[in-house]
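# sequence isn't available, so here's the structure alone:
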């Protein structure tokens, strides 16, 4: 183990020069020159607004599921409160992301027809009655 520590200390003290290191002057300009690989990687990693917010929305949905599971499996009141707060915050963030997408036509939705709404109300009112019994 001491040998490894000595090696890592030695590595820390060595000076490495990267394409962005200002100590190495490759041209007369003050900005370091980007390598071709770096420029290519940056070009390949450009994400659209829709891709970014879709990822945010997806992550928030996943977090809500995880918080819900954790909340159901926790018996400590203080921890339940903490997890519940996190769940509510994630739910609000998810809704904000949805609204952002909806306002920009990135997440098109249709209004549910009245018969489907009534069917859902009936279904869940039956579930509520069964749970009370």
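Thanks, I have it. Because the structure is a prediction, the values reported are computed rather than measured.
# immediately after the helix-or-strand element of the chain with minimal mean pLDDT, which helix or strand?
Lowest on mean pLDDT, DSSP states H and E among the helices and strands of the chain sits helix 2-13, with a mean of 41. Beyond helix 2-13 on the C-terminal side, the first helix or strand identified by DSSP states H and E is helix 36-44.
# please report how far residue 108 lies from residue 101.
9 Å (C-beta to C-beta, to the nearest Å). From N, CA and C alone the C-beta is placed, and that goes for glycine too.
# looking at the chain, which helix is longest?
Across the chain, the longest stretch assigned as helix under DSSP state H is helix 77-103.
# how about that one: buried residues?
Across helix 77-103, burial judged by 16 or more other C-beta atoms under 10 Å covers 83, 86, 87, 90, 91, 93, 94, 97, 98, 101.
# now distance to residue 50 and pLDDT too, for these, in JSON lines please.
JSON lines is the format used below for those (distance: C-beta to C-beta, whole Å; pLDDT from 0 to 100):
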{"residue": "83", "distance to residue 50": "31", "pLDDT": "98"}
{"residue": "86", "distance to residue 50": "27", "pLDDT": "97"}
{"residue": "87", "distance to residue 50": "26", "pLDDT": "98"}
{"residue": "90", "distance to residue 50": "21", "pLDDT": "98"}
{"residue": "91", "distance to residue 50": "22", "pLDDT": "98"}
{"residue": "93", "distance to residue 50": "18", "pLDDT": "97"}
{"residue": "94", "distance to residue 50": "16", "pLDDT": "97"}
{"residue": "97", "distance to residue 50": "11", "pLDDT": "97"}
{"residue": "98", "distance to residue 50": "13", "pLDDT": "96"}
{"residue": "101", "distance to residue 50": "8", "pLDDT": "96"}
